[in-house]
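In: quick check, what structure comes out for this input:
(one chain, ligands or ions: 2)
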Amino acid sequence: MKEIIVAKFGGSSLADSTQFIKVKDIIKADSRRRYIIPSAPGKRNSKDHKITDLLYMCHQLASHGLNFEEVYSIIEKRYKGICDELDLSLNIDEILTEIKEKIKNGASRDYSASRGEYLNGIILSNYLDFEFIDAAELIVFDNKGYFAPEDTQKKIELKLTKISYGVIPGFYGAKENGEIVSFSRGGSDITGAIIANGVKGKLYENWTDVSGFLMADPRIVKNPKPIEIINYKELRELSYMGAPVLHEEAIFPVKNAGIPINIKNTNIPEEPGTMIVNDYTPASLGNITGISGKKDFTVISIEKTLMNSETGILRKLISVFETNDISIEHVPTGIDSISVIVSNSELNSKMDKVIEEIRIYCNPDSISCYPNMALIAVVGRGMIKAKGVSAKVFTALGNSGVNVRMISQGSSELNIIIGVENEDFDLAMRAIYEAFENEDLIGVD
Ligand SMILES: Nc1ncnc2c1ncn2[C@@H]1O[C@H](COP(=O)(O)OP(=O)(O)O)[C@@H](O)[C@H]1O
Ligand SMILES: N[C@@H](CC(=O)OP(=O)(O)O)C(=O)O
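Out: Ligands and ions are numbered 1, 2, ... in the order given. Next comes the predicted model:
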């Protein structure tokens, strides 16, 4: 049996007809590219809109009984333009009208958002002359709306073994009763990984608008170096902490099967991009693999004399967050202090309640809150046992005048997490990157 490559093309790769032409050339250049996962059309320039955002907007307006025709007409124009420019004999108008009626008649938020991928899937399959397979027939969610891997695998085996070349839209699936469920934003990456695992692919290609994972966000750091090779764990740390190139949950389906992921650039396909693999030996010890970060966290710290000898205080503190349904990012501890870091979106309006409950259950000497914090992850397997990495990070931040509010090192020694003020975020990212840009070997213990 011939090797199979599953290729996912992100919204930037399918934003207009010119991009569709590049995508077709890429797919037709290697007959092993048999299952293609498209996202919805993304932005064509910085002022443009992603189709998914417009669909969410239509649903929002419709759910308030407001007219969404004007927004929907932008969506129609995008798809019709692509079909016309590619000279497709496809009655996209009919499908667009059908979707509009469903949104008008109260279709769900997930259904509405998923139509961006659905429409792009129909167009791409027509253009490639590949079979269209609706993701609602392959990707299964259980009654509670959680992804169901075993049922999905059965459907993939049943259906895809009979189809040599197919297009499966990303981002959504369905419950057994047919109700559409979407993954979280950026979720077409997850669909691609599920299909790659399901068909026992040799490789999962993820095509985007950058030549692989870069050492830092190119929107903040100028010309960051590309990462040639990275392991799944490092990549998860970087994606989780904010690098949007690959959805952090896209790693799980392929990791266990040992299927490598190749991040490639649709606009410069000849570049090798980044390979994401299970294991590799880092080229240089003492260096970092990459940096990523996110803004808008809150640190809640408690201090209490002789806290170190009080049993159960950590449990009591954590339980306050648990009962308020707030997930925690990090818990750095000192001898007489513990801090809990949570994302502002998790905390929402629960802050006062949380503080009050901590006061009652933990009886601390003091509680302090620092809102508007950004977290930066410095990630790399080459950091393990290497001397001087932390010193270098903090010297760079100190020299740039960035005030470090929190430090936490993961037990795997794979990352150092640094908390800085939101307003220092970009400066801190650049300072750390520059400190490691031309790194030589530091040596190991
Ligand atoms: N470390 C990084 N490496 C590469 N790209 C990054 C990184 N951090 C942020 N990005 C941004 O991620 C974008 C690609 O992700 P995304 O917009 O989701 O692509 P797609 O539309 O192909 O799914 C790039 O254009 C880049 O601006
Ligand atoms: N279109 C969806 C899903 C997705 O994965 O898109 P992209 O591949 O463009 O990040 C979103 O915008 O979230």
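In: host element of residue 375?
Out: Here residue 375 sits within strand 366-379, counting by DSSP states H and E.
In: could you count how many residues lie near residue 398?
Out: By other CB atoms under 10 Å, the residues close to residue 398 number 12. Just so you know, the C-beta spots here come from the backbone N, C-alpha and C atoms, and that holds for glycine as well.
In: contact partners of the host helix or strand of residue 316?
Out: Taking DSSP H and E as the definition, residue 316 sits inside helix 313-323. Contacts of helix 313-323 with the rest of the structure, by CB atoms under 8 Å, 6 or more residues apart in numbering, involve 302, 304, 307, 327-328, 331, 333, 338, 340, 342, 354, 357-358, 361-362.
In: that older thread, for the strand holding residue 375, list every residue counted as buried.
Out: Buried residues in strand 366-379, defined by neighbour count with 16 or more other CB atoms under 10 Å: 367, 370, 373-379.
In: ok, and which of these reach ligand 1?
Out: Among these, proximity to ligand 1 is found for none (CB under 6 Å from any ligand atom).
In: I'd assumed residue 60 was in a helix, is it?
Out: Yes: applying DSSP: H, G, I helix; E, B strand; the rest coil, one finds residue 60 inside a helix.
In: what about it, neighbour count?
Out: 14.
In: break this protein down into its domains, please.
Out: Domain assignment for the chain by the TED database gives 5-277, 290-439.
In: let me see the ranges of the helices in the stretch 51-200 of the chain.
Out: 51-63, 69-85, 92-104, 109-128, 149-160, 188-198 (DSSP state H, counting those that start in this stretch).
In: so which of these is the most surrounded?
Out: Comparing the helices of the stretch 51-200 of the chain on average neighbours per residue, with mean count of other CB atoms under 10 Å, the densest one is helix 188-198 at a mean of 28.
In: ok so, going back, what is the following helix or strand past the strand holding residue 375 packed up against?
Out: For strand 366-379, the following helix or strand on the C-terminal side (DSSP H and E) is helix 389-399. In this structure, helix 389-399 packs against strand 404-409, strand 415-421, helix 425-436, with contacts taken as 3 or more CB pairs under 8 Å, 6 or more residues apart in numbering; DSSP states H and E.
In: ok, now with 7 Å
Out: On a contact count with 3 or more CB pairs under 7 Å, 6 or more residues apart in numbering; DSSP states H and E, helix 389-399 meets strand 415-421, helix 425-436.
In: against which helices or strands is the first one packed?
Out: Other helices and strands packing on strand 415-421, by 3+ CB pairs under 7 Å, 6+ apart, are strand 366-379, helix 389-399, strand 404-409.
In: okay, now the residue in the chain positioned nearest to ligand 2: neighbour count?
Out: Distance from ligand 2 to each residue of the chain (CB to the nearest ligand atom) is smallest for residue 11, at 2.8 Å. Residue 11: 26 surrounding residues under other CB under 10 Å.
In: which residue, other than its chain neighbours, is closest to it?
Out: Of all residues not flanking residue 11 in the chain, residue 42 sits nearest, at 2.5 Å (CB to CB, 6 or more residues apart in numbering).
In: please report phi then psi for residue 339.
Out: Note on residue 339: backbone dihedrals following degrees, to the nearest 10 are phi -120, psi 150.
In: which element is the residue nearest to it when sequence neighbours are not counted on?
Out: In this structure, residue 339 finds its nearest non-sequential neighbour in residue 301, 4.2 Å apart by CB to CB, 6+ apart. Per DSSP H and E: residue 301 is located in strand 290-303.
In: how about that strand: buried residues?
Out: Residues of strand 290-303 classed as buried: 290-295, 297-302 (neighbour count, 16+ other CB under 10 Å).
In: that strand packs against which elements?
Out: So strand 290-303, by 3+ CB pairs under 7 Å, 6+ apart, packs with strand 337-343, helix 344-347, strand 366-379, helix 425-436.
In: so what strands line up beside that strand?
Out: If you go by DSSP bridges, strand 290-303 pairs up with strand 337-343 (antiparallel), strand 366-379 (antiparallel).
In: sorry, back to before: any of the contacts of helix 313-323 buried? List them.
Out: Counted by 16+ other CB under 10 Å, these give 302, 304, 307, 338, 340, 342, 354, 357-358, 361-362 as buried.
In: surely the residue of the chain closest to ligand 2 meets residue 37?
Out: No: if you go by CB atoms under 7 Å, residue 11 and residue 37 don't touch, sitting 11.9 Å apart.
In: circling back to that earlier point, mind saving the C-alpha coords of the strand holding residue 301 as CSV?
Out: This file holds the C-alpha atoms of strand 290-303, laid out as CSV (Å, rounded to 0.1, in the frame of the first residue of the first chain):
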residue,chain,number,x,y,z
GLY,A,290,11.8,28.9,21.1
ILE,A,291,9.8,31.5,23.0
SER,A,292,6.1,32.2,23.1
GLY,A,293,3.8,34.0,25.4
LYS,A,294,0.3,35.3,26.2
LYS,A,295,-1.0,38.4,27.9
ASP,A,296,-3.8,39.0,30.4
PHE,A,297,-3.2,36.8,33.4
THR,A,298,-3.8,37.6,37.1
VAL,A,299,-1.5,36.5,39.9
ILE,A,300,-3.1,36.0,43.3
SER,A,301,-0.5,35.5,46.1
ILE,A,302,-0.9,34.7,49.7
GLU,A,303,1.6,35.0,52.5
